[in-house]
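Participant: Build the 3D model from these lines:
(2 chains)
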Amino acid sequence: MAEQVSLFNTLTRRVEPLTPLAPPRVTLYTCGPTVWNYAHIGNFRTFLFEDLLRRWLEYAGYQVFQIMNLTDVDDRTIKAARTAGKQLAVHTAPFTQAFFEDRDYLRIKPAHVYPRATEYMPAMIALVARLLERGVAYKGEDGSVYFAIAKFPTYGRLSRLDRREIKVGARVASDEYAKDDPSDFALWKKADAEDEAVGAAWDAPFGRGRPGWHLECSAMALAEIGKRFAVQTLDIHGGGVDLIFPHHENEIAQSEGATGQVFARHWLHGEFLNVRGSKMSKRHGNFLTARDLREQGVDAAAVRLLFFQTHYRQPVDFTDEALEAAKEGVRRLGEFHQRLQGAGSRERGAELDKLAERLEADVATALNDDLNAPRAVAALFDFVRAVNRELDKPVAPAGTARALAAFVRVTDVLDVLPTARSADPALARWVEERIVARAQARKSKDFKVADVIRAELLAKGVEIEDTPQGTKWRLR
RNA sequence: GGCGCCGUAGCCAAGUGGUAAGGCAGAGGUCUGCAAAACCUCGAUUCGUCGGUUCGAUUCCGACCGGCGCCUCCA
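Facilitator: The predicted structure follows:
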């Protein structure tokens, strides 16, 4: 196992060593998308940081079991289904599918399980029943079931919100009168006509209704790790900073209120993706979806590099300039990769081996320190420059195997190499023919014709490069 | 009002109580028929402002200015 992985823990507001309950196993629960619409790249920034976490933990020798929920029943999905005039399940299905497509486009490693809220009704109902039984939940006058935060003294510990200081303002719940305390939150909402209309209501001993937003995460996390590992405590729970309160605070209350055990040992939260300084969100209308980028032909590697060049706990502004810069970086990495692969491998690669070792060491130091991806990326580019310098030397240093292996290892964690693109055979044949014609022109010093041919190729999006090994070409 | 985040070169962005990584863009150079790629050289005497602590602060403390987030269903 590699060195100690340390991560910032929202619970303590400190970078702390990761201490899994039963190493090398790490149970990782990451809050997934609400499938009422397409997820935007702000959502995906969080999923991408979690992807990096997952990959780094695996690189470090841990056996990660990742759970990502799919919220397919909540206020927004119901409202969206209602607007579309569809049943809930019919409305959410294509967006669930779209989420998986976007995930694959962005090269996010699939979680091991994707529990859907609607498929865990028995677990959720059992959890509510348990909370009622233990006296930390009660049925309100409106028929819904609420969690009594007065019965959970550590409530507010994660978000450091003092209940008494919570401003009673902007978003006052309409069901406030039904609760013992305005801050109590719904575990189970009594079904109303709209819920019934879209098929979002289930029978339960405490009344027909539907789960509150937070309930699913507690129920599904506990169910998944319970049946697999017979534990009630997650090693890591992650999400966006906006979930700290109330979502994660409430998850803790529900889970610990039911099990009496620590729900999650380490809490990780990723910062927002902003647009011109403001949070990207559906509400602001300033969002961009993953499929928008895909349709624009943006290589996912560029998106990954862009995000990884900023620490996950820093807000980052999404701009075209930043994306363009990331595209260039990806291109450079791709060129380098090809060069290294083609550099051959003989003996005597002492210098390269040293650089390879340093790369691995620097990346490990960076990522072990609260997943400092920007520093890992810097180490990668340092390596690229240093190795290029070696390869430029008149007597090329041999023995590139070690360097190539290190580069691939690091690059597998970040996954920022350009997507291989292949030209269609007809174009390839034409390009090869043109290159031969140009070579003849160059041989007879007819550079005018040679340059015309190059312009011709460029017009078709083909870039050429004369090297000692002949003329190479690529699509741009 | 409460909790919290941010302000580092043209742009993006790391970082440390001891004098500023990396990427993109730009300028010059090497190489090239010309290019491209790659490499070399060049950029903040300075890290929002003003104070304080310190032998020394961008890094710690305070105030202020500016931007942002959460405060009950937002990643």
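
Participant: how about stretch A:48-61: buried residues?
Facilitator: Neighbour-count burial for stretch A:48-61, counted by 16 or more other CB atoms under 10 Å, picks out A:48-60. C-beta: built from backbone N, CA, C; applies to glycine.

Participant: Please apply the same query to stretch A:216-227.
Facilitator: Buried, per 16+ other CB under 10 Å, within stretch A:216-227: A:216-225.

Participant: Can you tell me the closest non-neighbouring residue to A:Trp56?
Facilitator: A:Leu367 (4.9 Å; CB to CB, 6 or more residues apart in numbering).

Participant: Distance of the one you found relative to A:Tyr312?
Facilitator: For A:Leu367, the distance to A:Tyr312 equals 11 Å [CB to CB, to the nearest Å].

Participant: Show me which of those two is the more surrounded one.
Facilitator: In this view A:Leu367 and A:Tyr312 are compared by other CB atoms under 10 Å, and A:Leu367 has more residues nearby, 28 against 25.

Participant: give me the element the more buried one is part of.
Facilitator: helix A:350-368 (DSSP states H and E).

Participant: before we move on, the earlier item: and the buried residues of stretch A:216-227, which of them are in helices?
Facilitator: A:216-225 (DSSP state H).

Participant: For the stretch 1-150 of chain A, list the residues in contact with RNA strand B, please.
Facilitator: Applying CB under 7 Å from any atom of the strand, we find that the stretch 1-150 of chain A lies next to RNA strand B at A:13, A:31, A:33-34, A:39, A:42-43, A:45-46, A:74-76.

Participant: Restricted to buried residues, select those residues in ChimeraX.
Facilitator: To isolate the buried subset of those in ChimeraX, counting by 16+ other CB under 10 Å, use the following:
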select /A:31,33,34,39,42,43,45,46,74
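
Participant: List the ones among the residues of the stretch 1-150 of chain A next to RNA strand B that fall in strands.
Facilitator: Counting by DSSP state E, those place none of their members in strands.

Participant: Restricted to helices, list the residues of the stretch 1-150 of chain A next to RNA strand B.
Facilitator: In this view, those that belong to helices under DSSP H are A:42-43, A:45-46, A:75-76.

Participant: Which one of those is nearest to A:Arg454?
Facilitator: For these, the residue nearest A:Arg454 by CB to CB is A:Arg45; the value is 39.9 Å.

Participant: Can you give me every residue that contacts the closest one?
Facilitator: A:270, A:272-273, A:307, A:316 (CB atoms under 8 Å, 6 or more residues apart in numbering).

Participant: out of those residues, which touch RNA strand B?
Facilitator: Okay, of the contacts of A:Arg45 touching RNA strand B (CB under 7 Å from any atom of the strand), that's A:270, A:272-273, A:316.

Participant: For RNA strand B, give me its nearest residue in the stretch 101-250 of chain A.
Facilitator: Residue nearest to RNA strand B within the stretch 101-250 of chain A (CB to the nearest atom of the strand): A:Gly240, separated by 1.5 Å.

Participant: Which one of the ones in helices among the residues of the stretch 1-150 of chain A next to RNA strand B is nearest to RNA strand B?
Facilitator: Nearest to RNA strand B out of these is A:Gly42 (CB to the nearest atom of the strand; 2.7 Å).

Participant: Next one: the closest one relative to A:Trp213, how far apart?
Facilitator: Distance of A:Gly42 to A:Trp213, given as CB to CB: 19 Å.

Participant: got it, and A:Arg265?
Facilitator: Noted for A:Arg265: a distance of 23 Å to A:Trp213, by CB to CB.

Participant: Please identify which of the two sits among more neighbours.
Facilitator: The neighbour count for A:Arg265 versus A:Trp213, taken as other CB under 10 Å, is higher for A:Trp213 (21 against 18).

Participant: so what's that one closest to, chain neighbours aside?
Facilitator: Nearest one to A:Trp213, counting by CB to CB, 6+ apart, is A:Asp74 at 5.0 Å.

Participant: wait, that neighbour sits on A:Pro33?
Facilitator: No. At 11.3 Å, A:Asp74 does not count as touching A:Pro33 under the criterion of CB atoms under 8 Å.
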